[in-house]
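Chemist: Below are the sequence and a predicted model; questions follow.
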There are 4 protein chains.
Amino acid sequence: MHDEPIMDVAHLGHLEVLTPRPEESLRFFVDVMGMTESGRKGDSVYLRGWDDYECYSLQLTAAKTSGLGHAAFRARSPQALERRVAALKRSGLAEGWHEGEFGHGPGFRFRDPDGHLIELYYETEWYRAPEALRPALKNQAQRFPGRGVNVRRLDHFNCLAVDVRENREFFERYLGFRNTERIVLDDGTEAGMWLTCTNKSYDFAYTREAHGVRGRFHHITFALDSREAILQAADVFLENGVFIETGPHKHAVQQTFFLYVYEPGGNRVEVANAGARLVLAPDWQPIVWTEAERRKGQAWGLKTIESFHTHGTPPLPDRHGDELVAGVDDLAGSGIAS
Amino acid sequence: MHDEPIMDVAHLGHLEVLTPRPEESLRFFVDVMGMTESGRKGDSVYLRGWDDYECYSLQLTAAKTSGLGHAAFRARSPQALERRVAALKRSGLAEGWHEGEFGHGPGFRFRDPDGHLIELYYETEWYRAPEALRPALKNQAQRFPGRGVNVRRLDHFNCLAVDVRENREFFERYLGFRNTERIVLDDGTEAGMWLTCTNKSYDFAYTREAHGVRGRFHHITFALDSREAILQAADVFLENGVFIETGPHKHAVQQTFFLYVYEPGGNRVEVANAGARLVLAPDWQPIVWTEAERRKGQAWGLKTIESFHTHGTPPLPDRHGDELVAGVDDLAGSGIAS
Amino acid sequence: MHDEPIMDVAHLGHLEVLTPRPEESLRFFVDVMGMTESGRKGDSVYLRGWDDYECYSLQLTAAKTSGLGHAAFRARSPQALERRVAALKRSGLAEGWHEGEFGHGPGFRFRDPDGHLIELYYETEWYRAPEALRPALKNQAQRFPGRGVNVRRLDHFNCLAVDVRENREFFERYLGFRNTERIVLDDGTEAGMWLTCTNKSYDFAYTREAHGVRGRFHHITFALDSREAILQAADVFLENGVFIETGPHKHAVQQTFFLYVYEPGGNRVEVANAGARLVLAPDWQPIVWTEAERRKGQAWGLKTIESFHTHGTPPLPDRHGDELVAGVDDLAGSGIAS
Amino acid sequence: MHDEPIMDVAHLGHLEVLTPRPEESLRFFVDVMGMTESGRKGDSVYLRGWDDYECYSLQLTAAKTSGLGHAAFRARSPQALERRVAALKRSGLAEGWHEGEFGHGPGFRFRDPDGHLIELYYETEWYRAPEALRPALKNQAQRFPGRGVNVRRLDHFNCLAVDVRENREFFERYLGFRNTERIVLDDGTEAGMWLTCTNKSYDFAYTREAHGVRGRFHHITFALDSREAILQAADVFLENGVFIETGPHKHAVQQTFFLYVYEPGGNRVEVANAGARLVLAPDWQPIVWTEAERRKGQAWGLKTIESFHTHGTPPLPDRHGDELVAGVDDLAGSGIAS
């Protein structure tokens, strides 16, 4: 009889994203993405989508450069948190408890093998909407804003990793994430992997870092309700002069309907349709995509854009200092809106 | 050989809507409907959807009660305007030229047989978006606002009439409108008629006034791009405490996907999906719906709501003075949002 | 420290639905709903949506009357199945193991307190599409059919129960289902409850049986990808003369975008948008709706249709024998399509 | 005072498309596109979308190669037809009356300056649906099929022309079409132009033939109801192994939401969202796009695909005979579905 699945991680809780242009990034997330500010502390502003049940899902932190501050998952119970902390301590990658954060209780921090900082916590503060943001229906966290893209909730994130397989096995072994899809190149190298702890087909993904630099970030993704909402988002981005990197189109891997833009700090942001696609099978076997299959491009034939394999945050260190906000300056001239 | 069709009226230009609660009505049209103010003059504020090519499509006028101020159509050419004015002068219902209006040239005003004030003009002022509202694509009048319901453009209006047939024949004879659908009761009475001067299947409709009062208004309709946009509008109305009278659903007549609400002044407002349905046939024969057919309700079976046959603006005169803003006060308590 | 949640049930697997008109019901599910037949055995035909990963999600069984044959859930692991069987044996409602069923391994059967037959199994047969139904994308179970309503997968079901609370507590205690929303009347009676074992906000619901009859069925629901797909379904139902009971509209409870029809055997069938709404919180507290709140109708104001409280399958026993297929005969004349 | 607009052409009626693979092309239009066969005559099969009011909108003709047989417009009245025939006779490009065609009365045929065959007719046969295809709503031509892409109606076509401007001026002068948008290169050459005789923003377009060959065809377009319907179409094409050239995406010019595929005979076919965008202004001034503006790609940044400038039908004559069905054979290996 097989081992039973570990069910200790409940869901992705929030991401801390770093930005060298904090004011412009904040305006982007509030005015264009339609998020709501739920607090400030130190160099950080805390933001939420109208369906996020916790206080926030995005911690936007002013920093010298762009990239991921940390990613945080909520454990399923206090006991589940204890079990995972015990396991992580055996991993050699534990950093220890981190307290006093805005909106949630003690978090246990650790590094993944590629060096990204990850946090696990259980205690959390449920969002209580102020009068002006109270929804009409009591089973909803916050009023639908009717502003810009109106992102619903945090959906997933994507990091780059020099060794994708090593990172996958780390998250599987120590945290119980399940791998639903992956890309394996002809030489056996793993070029991408998608992991889940929920019925969503992935809660995060790691794709290959082609430049040997560790700890870089690929994108953060917010869920919208429909593909039509993503097309509307494309128009909102166009009107606001936001650089659209690629999409809207449908990924072959995971079949996500995607749209990628760069926020003013240079970080890649995706809006995607979570849709009705769920992985319900408890014994789902990973879909393995070959190099030849991936060469065919996205679901409806769009070729994968080159920058998707190169642009990450922070920008590569061998570039000049003034390019630390890359993506925005480089690409600003190419938008039809400019 | 048949007479050739009269093609002198180009399209519905704007409606003047009266409101006893001008500030609240303005906030509704700007904040909830997502319209843009393009000017003020006297007791009127002029408003537009982002795809209206003229300066405005809605003239919102402070008044003692609610209802229609006037409806205005644009002629196809100066010569077309002259021809129609000559015809209208023969009708016995002409009122004469009206000059100095905001945003367009001289208008010729007349009454339909039920007493509604109608205007015909040719010269007009094209909208020129200020810098902040300039669209990314040069073939668009104004930036997509990303606010509330984001109505696209004025689509049509609906008046009540004591004698529907008399009004239909007036618009057909003197202005060349074509009747695409109508409802004829078992006793031969015409209960509704839909007229067009474009490829839209109707530019306005008249339905039967059951209370013998002349000149009342049923609703003004703005076009949205998709049925999904109308469902999103329903959520925006819900969140803003706007009274939803009926819908979203699909009319059997004209197959319009509809959603009806009351603005703060008491006037009924519809958002509808213009969609891909067009009447392209130059010799379209009117669809005649019988009483039995209409008894079946709307396309997917929704029963026509009773207030749809009774609520018009201004409210019926035999009601008390303080009920002149009816619809809002009466119905305020029934919204789940309240 | 609280007890840890029981995570032993993975998801709803399939429903057995009884029909006195097996040929017509089969045509409905295949031609109108767009399902695929995956096998036959005895009096049953097994059907699937294109995204169901198991062989089937609907067992359609010829019978004297309509209603639910049984509902089946898949356990998360063999150990999880053992634990639940042990618990169920203590409940006094166990029926015992049931073997030799089409498409899955041994199932443990039991009755809920209202008498519905429920089954729990772990071993299952994954669907293998024949050449003609092989999808273009390898992460999909079956080719998208492009036929009728194109239902994606089984989503949930709804039973009637004389004592709703008793049934909720049974499923919570013995199977670990979590209650996300419920309706409690002013006298404390529970009128409806929604339970989940996944991140969907419910996998099934029980609503109050007003006629004192046990074991009746309210509806089976299939998921579609978007609200637009549900509107398209409404047109497909209309064109095929299928009786539409109510919708499309949005429920206040659970915010489901719904559309209810009756299949030829009389059973109520729903298509709904699973959408992006997920319950991710492991400690979600039930939303409790009061009688006053429910009186307000559905989300956008639609009044709950009367038959929603009365029509269940099989029809009530005090009716005449020839009305056992009720719903279809009674209502056939009211469709505009007839 | 300006000349009055000519309003003599009512709308695009049908296209005759040639195919060297008639059986496969027919299966594509019926099974994948969801069209209905309404008749056969000689080497032609006549097909229709469910909302086309005439008998057919597509005449599919078996031929040695692919391309456009002819394009036909319906005049607004018998008198309008006479006026246009008189004008065309003065143009030097008239071919004369053509009688006995399936589904409509006498047509007057002429060549545009690039050599494409065009027809103008007035008398037509309205479609009468057989019992099995009768719609539920009497204001609809035919039952919604619920099969494949479910195209609604013919929307527009696009030809290639060596001299775009010459062709534009021909259609403006002799037929009264109005130019809504055009592309003018830096050297003054017209690279594309869009003409309308309705409130649709274009009924056909001509783009530049870069290879000096006359009379070639670029694409035929059918209207769908929503952008979501076009995304669904992309999935249907993917599942059926149909080559997707580009899209879904939004054109900057005309803002059409597009999706281009090749039918088995090699002709490019588009499905597009007619949407709520209408040109209502009778004095619309053409939008002129510069070379620099067009270099920016489509609305949301997609680069225009190279084959869009080269692939037309019939294929270029300097290619080998067996490539006359180009597009299909060349591209068959590139689809992810293969």
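Modeler: Sure, I can see it.

Chemist: Can you check the pLDDT for the residue in the stretch 151-300 of chain A positioned nearest to chain D?
Modeler: Closest approach between the stretch 151-300 of chain A and chain D, counting by C-beta to the nearest C-beta: A:Lys296, at 4.2 Å. The C-beta positions use only the backbone N, C-alpha and C, and glycine is treated the same way. The model reports A:Lys296 with a pLDDT of 91.

Chemist: Count residues in the vicinity of it, would you?
Modeler: 17 (other C-beta atoms under 10 Å in any protein chain shown).

Chemist: Could you pull out the helices in the stretch 151-300 of chain A for me?
Modeler: Per DSSP state H, counting those that start in this stretch, the stretch 151-300 of chain A carries helices over the ranges A:164-175, A:227-239, A:291-295.

Chemist: what's the following helix or strand after the shortest one?
Modeler: Beyond helix A:291-295 on the C-terminal side, the first helix or strand identified by DSSP states H and E is helix A:307-310.

Chemist: The residue of the stretch 151-300 of chain A closest to chain D and D:Phe237: what is the separation?
Modeler: For A:Lys296, the distance to D:Phe237 equals 15 Å [C-beta to C-beta, to the nearest Å].

Chemist: Can you tell me which residues in the stretch 101-250 of chain A are near chain C?
Modeler: Contacts of the stretch 101-250 of chain A with chain C, taken as C-beta under 8 Å from any C-beta of the partner chain, map to A:126, A:136-140, A:152-153, A:181, A:198-200, A:223-228.

Chemist: returning to what we had before: wouldn't the residue of the stretch 151-300 of chain A closest to chain D be in contact with A:Ala252 here?
Modeler: Yes: under the criterion of C-beta atoms under 8 Å, A:Lys296 makes contact with A:Ala252 at 7.2 Å.

Chemist: can you tell me which strand in chain A is longest?
Modeler: In chain A, with assignment by DSSP state E, the single longest strand is strand A:9-19.

Chemist: Neighbours of A:Ser91, how many?
Modeler: 15.

Chemist: Then the one 4 residues further on?
Modeler: Taking other C-beta under 10 Å as the criterion, the count of residues near A:Glu95 is 14.

Chemist: A:Arg294 now?
Modeler: 18.

Chemist: Leaving out sequence neighbours, find the closest residue to the residue in the stretch 1-150 of chain A that chain D sits nearest to.
Modeler: Here the stretch 1-150 of chain A gets closest to chain D at one residue, A:Val149, 13.6 Å apart by C-beta to the nearest C-beta. Counting by C-beta to C-beta, 6 or more residues apart in numbering or on different chains, A:Val149 lies nearest to A:Ala233, which is 4.4 Å off, once chain neighbours are set aside.

Chemist: Who are the contact partners of that neighbour?
Modeler: By C-beta atoms under 8 Å, 6 or more residues apart in numbering or on different chains, the contact set of A:Ala233 is A:149, A:224, A:259, A:271.

Chemist: Take those and keep only those in strands.
Modeler: A:224, A:259, A:271.

Chemist: For those, give me TSV that also has neighbour count and pLDDT.
Modeler: Below are these laid out as TSV (neighbours: other C-beta atoms under 10 Å in any protein chain shown; pLDDT from 0 to 100):
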residue	neighbour count	pLDDT
A:Leu224	27	96
A:Leu259	25	98
A:Val271	28	98
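
Chemist: ok, and which of those residues reach chain D?
Modeler: Okay, of the ones in strands among the contacts of A:Ala233, nothing touches chain D (C-beta under 8 Å from any C-beta).

Chemist: out of the residues you listed, which one sits closest to C:Ser77?
Modeler: A:Leu224 (34.1 Å; C-beta to C-beta).

Chemist: which residues sit in contact with the closest one?
Modeler: By C-beta under 8 Å, 6+ apart, A:Leu224 lies in contact with A:149-152, A:230, A:233, A:271-274, C:276.

Chemist: Now with 6 Å, please.
Modeler: A:152, A:230, A:271, A:273 (C-beta atoms under 6 Å, 6 or more residues apart in numbering or on different chains).

Chemist: now swap in A:Ser201 and tell me
Modeler: With contacts defined as C-beta under 6 Å, 6+ apart, A:Ser201 is in contact with A:180, A:254, A:277, A:279.

Chemist: Quick check on those residues: which are buried?
Modeler: Among the contacts of A:Ser201, those scoring as buried are A:180, A:254, A:277, A:279 (criterion: 16 or more other C-beta atoms under 10 Å in any protein chain shown).

Chemist: Just checking, which of those comes out lowest on pLDDT?
Modeler: A:Arg277 (90).

Chemist: Distance-wise, check that residue relative to D:Ala234.
Modeler: Relative to D:Ala234, A:Arg277 is positioned 16 Å away (C-beta to C-beta).

Chemist: With A:Arg152 instead?
Modeler: Counting by C-beta to C-beta, the gap from A:Arg152 to D:Ala234 is 23 Å.

Chemist: For A:Ile183, the count of nearby residues, please.
Modeler: Applying other C-beta under 10 Å, we find 21 residues neighbouring A:Ile183.

Chemist: ok, it - contacts?
Modeler: Applying C-beta under 6 Å, 6+ apart, the residues near A:Ile183 are A:191-192, A:289, A:294.

Chemist: what does A:Val45 give?
Modeler: Neighbours of A:Val45 in contact, by C-beta under 6 Å, 6+ apart: A:26, A:37, A:60.

Chemist: again, but for A:Cys159
Modeler: The contact partners of A:Cys159, by C-beta under 6 Å, 6+ apart, come to A:116, A:206, A:217-218.

Chemist: contacting residues for the residue nearest the centre of chain A?
Modeler: Chain A has A:Phe157 as the residue nearest its centroid, 1.8 Å off, counting by C-alpha atoms, centre = their mean. A:Phe157 makes contact with A:15, A:71, A:204, A:220 under the criterion C-beta under 6 Å, 6+ apart.

Chemist: how far away is A:Ala141 from B:Cys159?
Modeler: Distance of A:Ala141 to B:Cys159, computed by C-beta to C-beta: 43 Å.
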